[in-house]
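Visitor: Need a 3D model of the sequence below.
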Amino acid sequence: MIELKKDERLDDLERNGYKIIQNPNKFCFGMDAVLLSGFARVRKGEKVLDMGTGTGIIPILLEAKTEGRHFTGLEIQEESADMARRSVAYNHLEEKVDIVTGDIKAASRLFPLASFDVITSNPPYMTDAHGIKNPNAPKAIARHEVLCTLEDLVRETSRLLRPGGRFYLVHRPFRLVEIFQTLTAYKLEPKRMKLVYPFVDKEPNMVMIEAVRGAKSMIKVEEPLIVYKEPGVYHDVIYDIYGY
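Guide: Residues are numbered from 1 along each chain as shown. Here you go, the predicted model:
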């Protein structure tokens, strides 16, 4: 039996009977993490690292959805990492999923170089100059680049991916120019891009990118993903990604 601490809850992931421990007073995973788990491609036998895993949502979902061999989540906040480890234990995934407490900026010292086939990340979207920081430290760290920057993430990803390995990132469209510049500077070539729109008549509020280490330049812009048919009603593809 897994212990729930004060203010924690157990949420159903609607996949393989898996559940995840979260604390709504700290930070809960959002749709962006779930959509990234549907966008990422993990082949049979591959090793996967999720940078800034929070409570472990992406490794747990990818274990449920793919035939990857092993999944690792790296998280700097021990409280979140502890929730992730207890979720892994609750779902009896100890042989398939590891949670490591550590700093993204030092990731290439924590793991062997070029040792992962796939790296995923749902990083903080905002720089220090963007918007008002949440006074709640865990939420601020999750949303603003308080503890690591986009360049830190991309640099360490480039070091840890094998040649030809794939990086999957979800971010905000307003930083696309910076994202592409940073990826290509570290020899991660953008190959696929999908924009996510809340409604068909609204601007996109998310972008998902696949970049390949050492690939040649050519990108495929996939058909957009529209989240809602109408307020409160998802398009069918969203239900499919969530597993409802």
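
Visitor: hey, let's count contacts and neighbours off CA atoms from now on
Guide: Fine.

Visitor: Distance-wise, check the residue nearest to Ile179 when sequence neighbours are not counted relative to Arg9.
Guide: Computed as CA to CA, 6 or more residues apart in numbering, the closest residue to Ile179 that is not its neighbour in sequence is Leu150, at 7.7 Å. Using CA to CA, to the nearest Å, one obtains 31 Å as the distance from Leu150 to Arg9.

Visitor: and what of Val221?
Guide: From Val221 to Arg9 the distance is 38 Å (CA to CA).

Visitor: likewise Thr120?
Guide: Thr120 is 25 Å from Arg9, where distance means CA to CA.

Visitor: So those two - more neighbours on which side?
Guide: More crowded of Thr120 and Arg9, by other CA atoms under 10 Å: Thr120, with 25 against 14.

Visitor: so that one sits right up against His171, yeah?
Guide: No: in this structure Thr120 lies outside contact range of His171 using CA atoms under 8 Å: 11.6 Å.

Visitor: Show residues contacting stretch 150-159.
Guide: The contact list for stretch 150-159, computed with CA atoms under 8 Å, 6 or more residues apart in numbering, reads 51, 104-108, 113-114, 119, 123, 167, 179, 182-183, 186-188, 213.

Visitor: Any chance of a ChimeraX selection covering the buried ones in those residues?
Guide: The following ChimeraX line selects those of the contacts of stretch 150-159 that are buried, judged by 16 or more other CA atoms under 10 Å:
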select :51,104,105,107,108,113,119,123,167,179,182,183,186,187,188,213
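
Visitor: contacting residues for Cys148?
Guide: Shown in contact with Cys148 (CA under 8 Å, 6+ apart): Ile104, Lys105.

Visitor: quick one: secondary structure of it?
Guide: Under DSSP: H, G, I helix; E, B strand; the rest coil, Cys148 falls in the coil class.

Visitor: how far away is it from Leu161?
Guide: From Cys148 across to Leu161, the span is 19 Å (CA to CA).

Visitor: before we move on, back to that, the contacts of stretch 150-159 in helices, which ones?
Guide: Secondary structure from DSSP state H places Ala107, Ser108, Ile179, Thr182, Leu183 of the contacts of stretch 150-159 in helices.

Visitor: May I see those arranged in JSON lines, with pLDDT and distance to Arg69 as well?
Guide: Formatted as JSON lines, the ones in helices among the contacts of stretch 150-159 follow (pLDDT from 0 to 100; distance: CA to CA, whole Å):
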{"residue": "Ala107", "pLDDT": "98", "distance to Arg69": "20"}
{"residue": "Ser108", "pLDDT": "98", "distance to Arg69": "21"}
{"residue": "Ile179", "pLDDT": "97", "distance to Arg69": "29"}
{"residue": "Thr182", "pLDDT": "98", "distance to Arg69": "29"}
{"residue": "Leu183", "pLDDT": "98", "distance to Arg69": "26"}
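
Visitor: now those in TSV, with distance to Phe199?
Guide: Output for the ones in helices among the contacts of stretch 150-159, formatted as TSV (distance: CA to CA, whole Å):
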residue	distance to Phe199
Ala107	37
Ser108	39
Ile179	24
Thr182	29
Leu183	29
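
Visitor: Lys194: which of those residues is nearest?
Guide: Comparing the ones in helices among the contacts of stretch 150-159 against Lys194 with CA to CA picks out Ile179 as the nearest, at 13.9 Å.

Visitor: hey, which helix or strand in the chain has the poorest pLDDT?
Guide: Of all helical and strand segments in the chain, the minimum by mean pLDDT, DSSP states H and E falls on helix 137-143, at a mean of 49.

Visitor: Report the buried residues of the helix or strand just after that helix.
Guide: Moving toward the C-terminus from helix 137-143, the next helix or strand (DSSP states H and E) is helix 150-160. For helix 150-160, the neighbour count (16+ other CA under 10 Å) marks Leu150, Glu151, Leu153, Val154, Arg155, Glu156, Thr157, Ser158, Arg159, Leu160 as buried.
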